[in-house]
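Here's my sequence, what's the structure:
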Amino acid sequence: MIKFVLMVNQQGQTRLSKYYEPVELSRRAALEAVAVRCCLSRSKHQSELDIMFNLDSVHIILDEMIQNGRIVETNKCRILAPLTAIDKMADG
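A predicted model of the protein is given here:
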């Protein structure tokens with residue numbers, strides 16, 4: 001079960017955090033600090049900078065893939081369908 005999703009920038013600032021179970025704020029800070037240390041030690045080839053500039057899309061994708069901490073969808077076309085619909089509405 002997925003307990004939380006966390007995205008941080010290269011300076012260690014949290015850009016997105018989504019928890020799928022209740023976690024006390026003090027515990028969240030500790031969990032995020034550990035995750036940040038792991039992320040900041042990654043190579044430059046493991047970074048997905050586009051995510052930081054498209055956070056609305058990230059929220060939609062996560063909502064399509066994960067519900068209540070469980071992966072409910074892995075089909076790429078189904079996951080991206082809401083984004084495709086939004087793009088079509090914006091173009092039309």
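
Where does pLDDT dip in the protein?
42, 44-47, 49-50 (pLDDT under 70).

In a helix, Asp63, correct?
Yes: per DSSP: H, G, I helix; E, B strand; the rest coil, Asp63 lies within a helix segment.

so who does it touch?
The contact partners of Asp63, by Cβ atoms under 8 Å, 6 or more residues apart in numbering, come to none. All C-beta atoms are positioned from the backbone trio N, CA, C, and that covers glycine.

how close does it sit to Val72?
According to Cβ to Cβ, to the nearest Å, Asp63 and Val72 sit 10 Å apart.

What of Phe4?
From Phe4 to Val72 the distance is 17 Å (Cβ to Cβ).

neighbour-wise, which of those two wins?
Neighbour totals were compared for Phe4 and Val72, and Phe4 leads with 15 against 10 (other Cβ atoms under 10 Å).

and the closest residue to the more buried one other than its chain neighbours, how many neighbours does it have?
In this structure, Phe4 finds its nearest non-sequential neighbour in Tyr19, 4.5 Å apart by Cβ to Cβ, 6 or more residues apart in numbering. Counted by other Cβ under 10 Å, the residues lying close to Tyr19 total 14.

Touching, Tyr19 and Ile2? I think so.
No: applying Cβ atoms under 8 Å, one finds Tyr19 not in contact with Ile2, separated by 9.7 Å.

Stretch 11-22: end-to-end distance?
Taking Cα to Cα, to the nearest Å as the measure, stretch 11-22 stretches 27 Å from start to finish.

Would you indicate which residues of that stretch are buried?
For stretch 11-22, burial by neighbour count (16 or more other Cβ atoms under 10 Å) applies to Tyr20.

got a list of contacts for that stretch?
By Cβ under 8 Å, 6+ apart, the residues outside stretch 11-22 that reach it are 1-9, 28, 32, 36, 40, 52, 55, 58-59, 62, 66, 68-69.
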